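Student: A predicted structure for the sequence below; I have some questions about it.
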2 protein chains.
Amino acid sequence: MKNRFIKIALFTALAGSACLAQTQQPAIIEDFKPSTLNQPGQEYPMVNSQRYARFKIVAPAADSVRVSLGLGGRGGTKLSKAEDGTWMGTTEGPMDEGFHYYNVRIDGGKFNDPGTLNYYGSVRWESGIEIPAHDQDFYALKNVPHGHVQQVLFPSPSTNTSRRAFVYTPPGYEKDKKTKYPVLYLQHGWGEDETAWSNQGRANLIMDNMIAEGKIKPFIIVMTYGMTNDVKPGGIRNFKIEPFQTVLINELIPYVDANFRTIVNKDSRAMAGLSMGGMETKTITLNNPDVFSYYGLLSGGIYASADIKDKSKVKLIFLSCGSKERPDGVRKAAEELKNAGFNAVSYVSEGTAHEFQTWRRSLYQLAPLLFKK
Amino acid sequence: MKNRFIKIALFTALAGSACLAQTQQPAIIEDFKPSTLNQPGQEYPMVNSQRYARFKIVAPAADSVRVSLGLGGRGGTKLSKAEDGTWMGTTEGPMDEGFHYYNVRIDGGKFNDPGTLNYYGSVRWESGIEIPAHDQDFYALKNVPHGHVQQVLFPSPSTNTSRRAFVYTPPGYEKDKKTKYPVLYLQHGWGEDETAWSNQGRANLIMDNMIAEGKIKPFIIVMTYGMTNDVKPGGIRNFKIEPFQTVLINELIPYVDANFRTIVNKDSRAMAGLSMGGMETKTITLNNPDVFSYYGLLSGGIYASADIKDKSKVKLIFLSCGSKERPDGVRKAAEELKNAGFNAVSYVSEGTAHEFQTWRRSLYQLAPLLFKK
């Protein structure tokens, strides 16, 4: 039953994610188990203790079946036809720990693996697979009090529609009717949407677990669509921040402050984002120094001290990425900020690339640093 | 942008849903528009003003592509290969109004249409298409105050896990911190899960619109997984109600009453369900006469007056189905109940079968009748 509850992306265009270590491979150990993201009752895809993934697709009359997951740049994993008409294949090497998007090419068309759940990334609902990680405990579904994730439809006059956001409220939010909470506005990346952080990101479970362990003071998280996909993939340089900034600052924040028990001031407001959501965070926090006090860029660029006019308004700058991205850039930027007198923290996720395991870990590192001052 | 927000089953095994009228067909009018459930930026599937559906699947090297939607029992709609390598096809006749599940057979394998969003039905995430209905206004996304839909993970000692429910709270629930509300426990059908009523069912939008028009007094809706799929499709007769009844009565209701501002008594509690969820509703309400006062079966069987020991405990019995199901059974049962002194109401959805349009309309009819006494 557990799978049903752990339903819990990217500059993919820009990130040639190197999922596989390129070393000599050992013999494959035949201890494959269903991925925890499989649809109910589905055996495949599977993962073994070496982090190899194995796929099985039923398409008896197909000429060619290929899974996009595998050695980067080499077209993924080609499946072979078995005697019973199914197509099977195993990655050539171990996958990075954590969540990966993928899709299946069948006779030249792009489809999803019917065995697994779908996650919004690359401007489409993609198949997802979960490679067990050595540190997966921090985002596991445990027997602890759980917060709620609310789907909110908020009025947006500037875009002439009702827009969707998801709001994480911590455990006990409904019972204790007086406590007010700080708020983190948390953005997804290009190709993703407002579902990403609580589905593949497991932001709610990360929070529940940290709160249960007393590692953080509870806060609210608000996740909405950053409008990052509304430009053609090739035209991302033409992305304009203003429409989203208007939605966030003039429409969503007032809605949240009116409808949830928030502490309404800049020192109780943080903004963070991954990848293109980090670029949005940077621009919007710099444009609105009186709205947010805590800034986080997760594989989403850096701040330089020269970017920030009034140092006293910034309580924290958090910069992170995976060790397979450009960790030196993040470390150096944090160093430069610290030397300039900022409370800056860098974090590098070991052994991960421009993928969600980096961002789950980043949230886990960021959360205890928020709303401290 | 609207499509992004209107993301808004079945005894499919038992219901040979007759989606197409079997009359002489007129010429096809070429005014096809993308279905409102398409993924962002996707043109196909499309629907025209005659309610014909047209599909387009890219799979240039495939030998055969077929969509499950179409004339029941004849294998759906066969697509033909166009010169550009895409597969296209149009249903042979008009579809019933409302939401339909479907899937795509490609060279013998069952996949989803990459053009459209997925909805959980038939124990898998299926493709969905929306055929505009003459009465679609009542479940449209409008510029009215919107309630929230909360994902809740509640402790379930009896199943040794955290179980998921979705809770609809009416507009203003968060602002007005004192009002307490009655609660409707609303069940999905076989093959579906707790996502069905707020995704394909649009229960939240139906409520928002009725509340905005003053047609109903606001109430809370709780939707959880009825464990109906945990039996093999062929073994549905072996389904035992006890495990789900324990979860609902001993675990979920106490959680909801502790964590939401509910009115904690039987006269402020209703249970309704569609299809197999109706059968669950019948058994559980009869087993627990002091828990619920309002009963609703939506294409999910009937009550006979002899079933109910203490008439005074039942405030309403609502029975409904589509006109393409067995409307006489529902009408006669309501008549029999009325003659026996019950407050019984029947409703027949015109021109619909064992599908979600019947149940959207049923909820729209049921809601104003609840919590009146």
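Tutor: Structure received. Numbering: from 1, shown residues only, chains lettered A, B, ... in the order given.

Student: what does the domain assignment say about chain A?
Tutor: A:2-132, A:138-369 (automatic domain parsing).

Student: which stretch in those has the least confidence?
Tutor: Across these, domain A:2-132 has the smallest mean pLDDT, namely a mean of 83.

Student: thinking again about what came up before, got TSV for the domains of chain A, with distance to chain B and mean neighbour count too?
Tutor: All C-beta spots, glycine's among them, are computed from the backbone N, C-alpha and C. Formatted as TSV, the domains of chain A follow (distance: least, C-beta to the nearest C-beta, whole Å; neighbours: other C-beta atoms under 10 Å in any protein chain shown):
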stretch	distance to chain B	mean neighbour count
domain A:2-132	3	19
domain A:138-369	4	20
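
Student: Of all those, which one is nearest B:Asp193?
Tutor: domain A:2-132 (7.5 Å; C-beta to C-beta).

Student: circling back to that earlier point, could I get the domains of chain A as TSV with distance to B:Val104?
Tutor: Putting the domains of chain A into TSV (distance: least, C-beta to C-beta, whole Å) gives the following:
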stretch	distance to B:Val104
domain A:2-132	8
domain A:138-369	23
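
Student: Looking at those domains, which is nearest to B:Gly89?
Tutor: domain A:2-132 (14.9 Å).

Student: how far is that closest one from where the chain is centred?
Tutor: 19 Å (C-alpha atoms, centre = their mean, to the nearest Å).

Student: same check, this time on stretch A:185-205
Tutor: 5 Å.

Student: now swap in stretch A:126-137 and tell me
Tutor: Centre to centre, stretch against its chain (C-alpha atoms, centre = their mean), the figure for stretch A:126-137 is 12 Å.

Student: and of the domains of chain A, who's closest to B:Trp125?
Tutor: The nearest among those, by C-beta to C-beta, is domain A:2-132 at 6.4 Å.

Student: Which of the three states applies to the closest residue to A:Asp137 other than its chain neighbours?
Tutor: The shortest distance from A:Asp137 to any non-neighbouring residue, by C-beta to C-beta, 6 or more residues apart in numbering or on different chains, is to A:Asn209 (7.8 Å). Judged by DSSP: H, G, I helix; E, B strand; the rest coil, the three-state class of A:Asn209 is helix.

Student: I'd say A:Asn209 and A:Leu141 touch.
Tutor: No - using C-beta atoms under 8 Å, A:Asn209 is not in contact with A:Leu141, being 9.1 Å away.

Student: Would you agree A:Phe260 is in contact with B:Lys177?
Tutor: No - between A:Phe260 and B:Lys177 there is no contact under C-beta under 8 Å: 11.3 Å.

Student: Can you tell me which of the domains of chain A is nearest to B:Gln187?
Tutor: Judging these by C-beta to C-beta, what sits closest to B:Gln187 is domain A:2-132, at 15.9 Å.

Student: The residue nearest to A:Asp137: what's it in contact with?
Tutor: By C-beta atoms under 8 Å, 6 or more residues apart in numbering or on different chains, the contact set of A:Asn209 is A:Asp137, A:Phe138, A:Tyr139, A:Ala140, A:Lys142, A:Val144.

Student: can those go into TSV with extra columns for distance to A:Ile241 and secondary structure?
Tutor: Converted to TSV, the contacts of A:Asn209 look like this (distance: C-beta to C-beta, whole Å; DSSP: H, G, I helix; E, B strand; the rest coil):
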residue	distance to A:Ile241	secondary structure
A:Asp137	37	helix
A:Phe138	32	helix
A:Tyr139	30	helix
A:Ala140	36	coil
A:Lys142	38	coil
A:Val144	38	coil
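
Student: Just send those residues back as a markdown table, with distance to B:Gly191 too.
Tutor: Shown next, in a markdown table, are those (distance: C-beta to C-beta, whole Å):
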| residue | distance to B:Gly191 |
| --- | --- |
| A:Asp137 | 34 |
| A:Phe138 | 34 |
| A:Tyr139 | 30 |
| A:Ala140 | 29 |
| A:Lys142 | 30 |
| A:Val144 | 31 |
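
Student: From those residues, pick the one nearest A:Tyr347.
Tutor: Distances from A:Tyr347 to these, taken by C-beta to C-beta, are shortest for A:Phe138, at 13.7 Å.

Student: How about the closest one: what's its closest non-neighbour residue?
Tutor: With C-beta to C-beta, 6+ apart as the criterion, A:Phe138 has its nearest non-adjacent residue at 5.3 Å, and that residue is A:Tyr364.

Student: swap in A:Tyr185?
Tutor: Nearest to A:Tyr185 is A:Met271, by C-beta to C-beta, 6+ apart, at 4.6 Å.

Student: Need the three-state assignment for that neighbour.
Tutor: strand.

Student: isn't it right next to A:Gly296, touching?
Tutor: Yes - here A:Met271 reaches A:Gly296: they are 7.3 Å apart, a contact under C-beta under 8 Å.

Student: Overlap in contacts, those two.
Tutor: Counting by C-beta under 8 Å, 6+ apart, the residues touching both A:Met271 and A:Gly296 are A:Thr281.

Student: hey, what's A:His148 bridged with?
Tutor: On the basis of DSSP bridges, A:His148 is bridged to A:Thr169.

Student: distance of it from B:Ala165?
Tutor: Distance, A:His148 to B:Ala165, using C-beta to C-beta, to the nearest Å: 10 Å.

Student: likewise A:Gln150?
Tutor: 13 Å.

Student: next one: A:Lys142
Tutor: From A:Lys142 to B:Ala165 the distance is 18 Å (C-beta to C-beta).

Student: doesn't A:Asp328 fall inside a helix?
Tutor: Yes - counting by three-state DSSP, A:Asp328 is part of a helix.

Student: Contacts only, for it.
Tutor: No contacts exist for A:Asp328 under C-beta under 8 Å, 6+ apart.

Student: quick revisit: tell me the secondary structure at the residue nearest to A:Phe138.
Tutor: Secondary structure for A:Tyr364, judged by three-state DSSP, is helix.

Student: Please look at A:His354 and A:Gly322 and confirm they touch.
Tutor: Yes - using C-beta under 8 Å, A:His354 is in contact with A:Gly322, at 6.4 Å.

Student: quick one on the thing from earlier: what sits in contact with each of A:Gln150 and B:Ala165?
Tutor: Each of B:Gln151 lies in contact with both A:Gln150 and B:Ala165 under the rule C-beta under 8 Å, 6+ apart.

Student: re the thing from before, give me the common contacts of A:His148 and B:Ala165.
Tutor: B:Gln151, B:Val152.

Student: Excluding chain neighbours, what is closest to A:Phe342?
Tutor: The shortest distance from A:Phe342 to any residue other than its chain neighbours is 5.6 Å, reached at A:Ile317 (C-beta to C-beta, 6+ apart).
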